[in-house]
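**Q** have a look at this prediction, sequence included:
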Amino acid sequence: MRDDIAICVKKNGDRDLAGSMSRKLGVPVGDREGDGLTLLFDSKGVSLTGYGLTYQGDFEGMLHRVTEGRLQHEMLSRVAKTDEKGLNAIDATAGMGEDGFLIAALGYEVTLYEQNPVIAVLLKDAIRRAKKHPVLKEIAMRMHVVEGDSVELMPKSMDKIDLIYLDPMFPKRQKSGLINKKLQLIQKLEPPCSAETDLFNAAVEAGPGKIVVKRPLKSPFLDGRNPNYTLKGKAIRYDCYVV
Ligand SMILES: C[S@@+](CC[C@H](N)C(=O)[O-])C[C@H]1O[C@@H](n2cnc3c(N)ncnc32)[C@H](O)[C@@H]1O
């Protein structure tokens, strides 16, 4: 039984989903928020609240990044862009799926692995809502969340994988207050990341065409492995490995 999170259902919240999370986490369902973190089910969907903050996955806020020719200006486009159709990608460290969403916007079918059940349910809910949006739905339909450890699951993948994306660590410091606020609650949940060597080896074992690793600009290469090439931005960089 966990004591670090409460589950609360309010009016028009999804009771069945709350019940299944209750069994998974070993936490009773209540009708009041807890003192610390609470997974809240209400008419707006699923959100995480606590410490005066509320966080809900939201792809609508990313609309401006994928419409009106903006997608091609994303750094991620420069390392993952393709004109081919029907390509498959794995986002092995899905988190709240923002990068996975951009990869899906580029046309890939994306399997998103997330090991944390609370983050996974928030992500699934964000995708569910995006599927109702007239523009976002086409992208959201290509996003498939699998709850579990990608180190175990990736090598078992039967599909041909064109791209594997790894972004294992939430950055410790963020300059933007907004990002800070948004991540504060999620960061409270994040379990320690898998060992870098295990993650990288599992990605290679899945046999992708390319592995892209997102890193804070100045951090060392994942598992100390030299990439074939790197694309640098102001705060982050993408290390690319042609497998
Ligand atoms: C930095 S966040 C990813 C953020 C994501 N790129 C985004 O755009 O929202 C890292 C996430 O990877 C997850 N994670 C780390 N190792 C994992 C593994 N082996 N399998 C599945 N998920 C993993 C963590 O639980 C966390 O939610």
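**A** Great, that's in hand. Numbering: from 1, shown residues only.

**Q** closest point of the chain to the ligand, which residue?
**A** residue 95 (2.6 Å; C-beta to the nearest ligand atom). C-betas here are computed from N, CA, C, even on glycine.

**Q** ok, now which ones touch that residue?
**A** 114, 119, 123, 167, 170, 186 (C-beta atoms under 8 Å, 6 or more residues apart in numbering).

**Q** mind doing that once more with 10 Å?
**A** Taking C-beta atoms under 10 Å, 6 or more residues apart in numbering as the criterion, residue 95 is in contact with 57, 112, 114, 116, 119-120, 122-123, 167-170, 183, 186, 190.

**Q** ok, now residue 75?
**A** Per C-beta under 10 Å, 6+ apart, neighbours of residue 75: 102, 214, 231-234, 236-238.

**Q** in strands, which of those appear?
**A** Among these, the residues falling in strands (DSSP state E) are 214, 231-232, 236-238.

**Q** of these, buried ones?
**A** Those of the ones in strands among the contacts of residue 75 that meet the buried threshold are 214, 236-238, by 16 or more other C-beta atoms under 10 Å.

**Q** who in this structure is up against the ligand?
**A** Proximity of the chain to the ligand, by C-beta under 6 Å from any ligand atom, involves residues 93, 95-99, 113-116, 119, 149-151, 167-170, 190, 193-194, 199.

**Q** now do the domain split for this protein, please.
**A** 5-55, 60-242 (automatic domain parsing).

**Q** lowest-confidence helix or strand of the protein?
**A** Across the helices and strands of the chain, the lowest-confidence element by mean pLDDT, DSSP states H and E is helix 177-189, at a mean of 69.

**Q** list the buried residues for the helix or strand following it?
**A** Remark: after helix 177-189, the chain's next helix or strand is helix 196-205, criterion DSSP states H and E. In terms of neighbour count (16+ other C-beta under 10 Å), helix 196-205 has its buried residues at 196, 199-200, 202-204.

**Q** could you do stretch 218-230 as well?
**A** By neighbour count on 16+ other C-beta under 10 Å, the buried set for stretch 218-230 is 221-222, 227.

**Q** pick the one among the residues you listed closest to residue 10.
**A** residue 222 (41.1 Å; C-beta to C-beta).

**Q** would you agree the closest one is in contact with residue 166?
**A** Yes. Between residue 222 and residue 166 a contact is recorded at 6.7 Å, counting by C-beta atoms under 10 Å.

**Q** give the residues shared as contacts by the two.
**A** Common neighbours of residue 222 and residue 166 (C-beta under 10 Å, 6+ apart) are 196, 199-200, 203, 211, 213-215, 239, 241.
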